[in-house]
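Enquirer: Sequence first, then the predicted structure:
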Amino acid sequence: MRDFSEKRDFHRMQVNTEITITDAEGRQHKGLCKDLSGTGMQVLVETAFAEGTQLHTLLPSTNEQFPPFETVIEVLRCEPAEGGYLIGAAIREVKR
């Protein structure tokens, strides 16, 4: 039986990789994807985003055999953190 901290449907992978975020107005923001799971991600960014905001993300691939990971996310929470804001987001669509 899994303990409480392991009751997620998908385990989080620590990635610490640069990510590009595009907002609804087409502005690009650089961030650091801290972790990734099958349903969401945690991203450190310089700009705060409101809960419910939909953003387009592009996580580059480190292997040329695989395309970049491109998604649409929804901001579930945005909290001040050292170096900016920590976003907890749900993946709403995987583009590729």
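Expert: Cool, got the structure.
Enquirer: my read: Arg77 touches Glu51, true?
Expert: Yes: counting by C-beta atoms under 8 Å, Glu51 is a contact partner of Arg77 at 6.4 Å. The C-beta positions use only the backbone N, C-alpha and C, and glycine is treated the same way.
Enquirer: Show me what the longest strand along the chain packs onto, helices and strands only.
Expert: Ranked by residue count and defined by DSSP state E, the top strand of the chain is strand 69-81. With contacts taken as 3 or more C-beta pairs under 8 Å, 6 or more residues apart in numbering; DSSP states H and E, strand 69-81 sits against strand 40-45, strand 54-59, strand 84-94.
Enquirer: In JSON lines: the ones you listed, plus distance to Ile19.
Expert: Below are the helices and strands packed on strand 69-81 laid out as JSON lines (distance: least, C-beta to C-beta, whole Å):
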{"stretch": "strand 40-45", "distance to Ile19": "6"}
{"stretch": "strand 54-59", "distance to Ile19": "5"}
{"stretch": "strand 84-94", "distance to Ile19": "10"}
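Enquirer: Check which residues of stretch 64-76 are buried.
Expert: 69, 71-73, 75 (16 or more other C-beta atoms under 10 Å).
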